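everything below, folded, please.
(one chain, ligands or ions: 1)
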Amino acid sequence: MQLDRILQSQGFGTRKECRKAVRDGEVKIGGEIIRDPFREFDTADLKFELNDWEWEYAEQVYIALHKPANYECSHKPKHNESVYNLLPDPVVIRGAQSVGRLDVDTTGLLLFSDDGKFIHAISSAKRQVTKSYRAVTNQPVDDEQIRQLIEGVQLVDEPEPVQALQAKRVGDNVIEMVLDQGKYHLVKRMIAAAGNHVDQLHRFAVGDLSMEDGSLPELELGDWCYLRPKHLALLGYGT
Ligand code: URA
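The predicted model follows:
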């Protein structure tokens, strides 16, 4: 593929801007400055440097972010910063979207992609990719609350009781829950319906992709990494 087209496809601006960046000597491949924007490159495993950053060509981009609190999952946040400010500009420019949303005060694993099929597959109610959460509660957790979460709690606006696939007490005021649904404020609403209140919420896994078992590189709050085929496989998504 032509270099200017490659750069454009990766979110580095219009064809014209990409040609200018190449002509200005801003692009290196294999350590060599390439000044011909029309030179052809094989995109398989292509790495290039632009503005002192090393990038990898990817037909579609898949990212995991460790979302901090006080970031909104929106391009137009109302009262806080946007999670998109935590991603590099080219990833946003090429159209990566979050896979579902986390509340502004929720921390943890948030995925992004520009692959619509992937977003649908992971967030679709039908495929039921599980989401694992840890909630710190305002009141001590008791067996009765855990029983209710597993057997199902009735939520306002939901026709049927909603059940956790798993729920366990992992500390005096800490519950871990695995859900296969992704409705608005679901964990907070379920725990409230069971008679407690969520003070802090963290999502530590989506499917078998966990921030806590070494399946992802260690991510500090606000850090992101690319997802490789082995990570997508843990989400049950083959590329
Ligand atoms: N459930 C919630 O209540 N909040 C989230 O951010 C995610 C799941």
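
now the helices for the protein?
With helices called from DSSP state H, the chain shows them at 3-9, 15-23, 89-93, 116-123, 143-151, 186-193, 229-234.

so what sits opposite the residue positioned nearest the centre of the chain in the bridge?
The centre of the chain sits closest to residue 111, judged by Cα atoms, centre = their mean, with a distance of 1.4 Å. Residue 111 has these beta-bridge partners by DSSP bridges: residue 64.

just checking, it touches residue 122?
Yes. Using Cβ atoms under 8 Å, residue 111 is in contact with residue 122, at 6.6 Å. Glycine gets a C-beta too; all of them are placed from N, C-alpha and C.

identify the contacts common to those two.
Contact criterion Cβ atoms under 8 Å, 6 or more residues apart in numbering; residues shared by residue 111 and residue 122: 99, 206.

that older thread, and the helices of the chain: which comes nearest the ligand?
Closest to the ligand of the helices of the chain is helix 186-193 (Cβ to the nearest ligand atom; 3.5 Å).

point out the other helices and strands that the closest one packs with.
Under the contact definition 3 or more Cβ pairs under 8 Å, 6 or more residues apart in numbering; DSSP states H and E, helix 186-193 sits against strand 131-137, helix 143-151, strand 174-179, strand 198-206.

distance to the ligand and mean neighbour count for these - can I get that in a markdown table?
Below are these laid out as a markdown table (distance: least, Cβ to the nearest ligand atom, whole Å; neighbours: other Cβ atoms under 10 Å):
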| stretch | distance to the ligand | mean neighbour count |
| --- | --- | --- |
| strand 131-137 | 6 | 22 |
| helix 143-151 | 13 | 16 |
| strand 174-179 | 8 | 19 |
| strand 198-206 | 5 | 19 |
